[in-house]
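Trainee: Have a look at this prediction, sequence included:
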Amino acid sequence: MSSTPTDLRDRVAIVTGAGSGIGRAMALALAGAGARVVVADIAAEPATGTVKLVQEAEGAARAAVLDVGDEAMVGELVRETVEDWGRIDILCNNAGIIDNMALPAEMSTATWDRVLRVNLTGPFLLTRAVLPQMLAQGGGSIVNTASEAGLRGGAAGVAYTASKHGVVGLTRNVAWAYARSGIRCNAICPGPTETSIAESAAVFDPRGIERLGPVLGLGEIFAKPQDMAAVALFLASDAARLVNGAIIPVDGGWLAG
């Protein structure tokens with residue numbers, strides 16, 4: 001079997017939030033390209049479900065329960081991955097939760113803290129934990145799931161917007177800091193996507209979605225998780241070997257409007 005630029009055989013990937021939605025699609029795409037995938041999720045059953053799908057497609061994966069905001073759990077996951085599979089080549093920081101679409105004056109401190117912990121502190125902790133291994137190997141690829149809300153001020157509530165702007169900054173800083181060490185860090189910015197992320201809101205008011213109306217200038221655009229996974233696969237692979245620090249909207253042209 002001849003190799004292609006997106007051939008990930010002999011590589012090991014960690015995908016967070018991989019029990020459903022975009023994370024599950026990423027895990028399937030990476031495994032389909034030959035990578036061994038650690039399917040990390042806050043809940044065991046969804047993670048196991050993704051592993052089953054990978055294995056049914058003759059891929060290699062194992063499940064891991066992970067709270068991305070828990071430093072000890074993150075460190076243990078990285079240690080176990082290296083012990084079991086010897087390396088870490090790809091990290092997809094995908095786990096995320098939304099807020100309740102609240103404006104700044106309406107945002108509770110509890111919701112702010114929860115969203116920032118998962119959406120921004122989590123990717124930082126995972127990135128910091130895998131960097132020593134990637135540096136020792138001579139390279140690696142980190143793919144962060146940011147959001148259109150990381151590029152706009154009016155695409156979500158204040159906590160989610162701030163967290164995703166933070167992910168964009170984290171991505172660029174890591175890319176700049178480690179480019180000469182063979183480590184690339186990029187981010188995708190999904191537009192509206194068919195996932196169950198709304199279920200993660202501590203208090204989610206569906207009426208808040210109406211606030212998006214004025215900025216959805218192209219009408220209703222709901223991508224599939226597989227659309228995001230295809231871009232993540234490219235960024236994780238050697239096909240994107242010179243792509244570093246890129247913040248890529250995957251939104252059907254929403255940002256262009």
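Mentor: Structure's in. What do you need?
Trainee: model confidence over stretch 76-87, on average?
Mentor: Within the predicted structure, the mean pLDDT of stretch 76-87 is 98.
Trainee: same question, stretch 107-122
Mentor: The predicted model assigns stretch 107-122 a mean pLDDT of 98.
Trainee: Show me what counts as buried in it.
Mentor: The neighbour-count criterion (16 or more other C-beta atoms under 10 Å) identifies 107, 111-112, 114-122 as the buried residues of stretch 107-122. C-beta: built from backbone N, CA, C; applies to glycine.
Trainee: Export those as CSV, with columns for secondary structure and distance to residue 25.
Mentor: Supplementary listing: the buried residues of stretch 107-122 in CSV, determined by DSSP: H, G, I helix; E, B strand; the rest coil; distance: C-beta to C-beta, whole Å:
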residue, secondary structure, distance to residue 25
107, coil, 30
111, helix, 27
112, helix, 29
114, helix, 25
115, helix, 23
116, helix, 25
117, helix, 24
118, helix, 19
119, helix, 19
120, helix, 22
121, helix, 24
122, helix, 19
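Trainee: Dump those to JSON lines, plus distance to residue 135.
Mentor: Converted to JSON lines, the buried residues of stretch 107-122 look like this (distance: C-beta to C-beta, whole Å):
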{"residue": "107", "distance to residue 135": "38"}
{"residue": "111", "distance to residue 135": "36"}
{"residue": "112", "distance to residue 135": "33"}
{"residue": "114", "distance to residue 135": "32"}
{"residue": "115", "distance to residue 135": "30"}
{"residue": "116", "distance to residue 135": "27"}
{"residue": "117", "distance to residue 135": "26"}
{"residue": "118", "distance to residue 135": "26"}
{"residue": "119", "distance to residue 135": "25"}
{"residue": "120", "distance to residue 135": "23"}
{"residue": "121", "distance to residue 135": "22"}
{"residue": "122", "distance to residue 135": "21"}
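Trainee: How about the contacts made by the residue nearest the centre of the chain?
Mentor: Closest to where the C-alpha atoms of the chain average out (C-alpha atoms, centre = their mean) is residue 94, at 1.9 Å. Residue 94 makes contact with 15-18, 22-23, 26, 145, according to C-beta atoms under 8 Å, 6 or more residues apart in numbering.
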